[in-house]
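K.L.:
Need the 3D shape of this:
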Amino acid sequence: MLVVQNSRFLSIVSSVSVKSSKFSVCHKTVMEVEVKLRLPNSDSHQKLSNLLSPFHVKTFVQENFFFDTPHATLASAYSALRLRFYNLDSHSVLSLKSKPKLSQGISRVQELEEPISPEVARSCVANPRELLGLPTPSVIMKKVREEFGVDELVCLGGFRNVRGVYDWKGLKLELDETIYEFGVSYEIECETTEPERDRRLIEGLLEENGIVYKYSDINKFAVFRSGKLPAA
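P.N.:
Below you'll find the predicted structure:
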């Protein structure tokens, strides 16, 4: 079970407004395309954060919990069922991601998202079976039950993420500090409809400022499941 104990995480939570914001939530399956570049350490993350500070829009503190059957039915079908909480319990989202592909720093994944009340979501973390019988209709859970044949769920645990959002040259850049039980990783992401072009723009920003990076070759859920950070 994920327990918030990291002092940096707690200090960021206290400094971020928990006022509810408008979130974009998809009620039908879409193809999410993102540029994902991995930063080697906290120094690189801090340098990029300082560089982008004039373009800062907001910061989210996220908690992510994942669910599957005891026999990993969803993972075997290359799918992940997630509950995400924003800024403690100001907002929460249920999502189902399927068939991820990540190559040369460009991620493509089928995604379906729905809002869910934080109170109901917290109860589902404590008792995962409640996800299968949510009080309001859920397209996601209908899909999980009917297409994947799921009739039992367990909570796998999860990780925390501090996400800085920046509006830079018309791109929405997301700078992540991801806190796992086994370590911390750093990444910059950008959702896009022109991934090759935008990857070049972000690479140019990093290279011009001497910030070392690599193409991400494994997503956060896969890192969590592996129990170890990606090789440097």
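
K.L.:
Low-confidence ranges, the protein, go.
P.N.:
Along the chain, segments meeting pLDDT under 70 span 1-28.

K.L.:
Show the residue spans covered by the strands in it.
P.N.:
Applying DSSP state E to the chain gives strands spanning 30-39, 56-68, 79-86, 91-103, 106-115, 154-168, 171-180, 183-191, 214-215.

K.L.:
The residue of the chain most remote from its centre and Ser123: what is the separation?
P.N.:
Here the chain reaches farthest from its C-alpha mean at Glu208, the gap being 27.5 Å by C-alpha atoms, centre = their mean. Distance from Glu208 to Ser123, counting by C-beta to C-beta, to the nearest Å: 48 Å. No exception for glycine: its C-beta is placed from N, CA and C like everyone else's.

K.L.:
my guess is Glu114 meets Thr136, correct?
P.N.:
No - taking contacts as C-beta atoms under 8 Å, Glu114 lies outside contact range of Thr136: 9.1 Å.

K.L.:
Contacts only, for Lys172.
P.N.:
By C-beta atoms under 8 Å, 6 or more residues apart in numbering, the contact set of Lys172 is 165-166, 190-191.

K.L.:
Kindly give a single ChimeraX line that selects the buried subset of those.
P.N.:
Here is the ChimeraX command that selects only those of these that count as buried (16 or more other C-beta atoms under 10 Å):
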select :166,190,191
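
K.L.:
who does the lengthiest helix in the chain touch, helix- and strand-wise?
P.N.:
Secondary structure of the chain per DSSP state H: the longest helix is helix 195-208. Using 3 or more C-beta pairs under 8 Å, 6 or more residues apart in numbering; DSSP states H and E as the contact test, the elements touching helix 195-208 are strand 30-39, strand 106-115, strand 171-180, strand 183-191.

K.L.:
Swap in 7 Å and give it another go.
P.N.:
When contacts are defined as 3 or more C-beta pairs under 7 Å, 6 or more residues apart in numbering; DSSP states H and E, helix 195-208 packs onto strand 30-39, strand 183-191.
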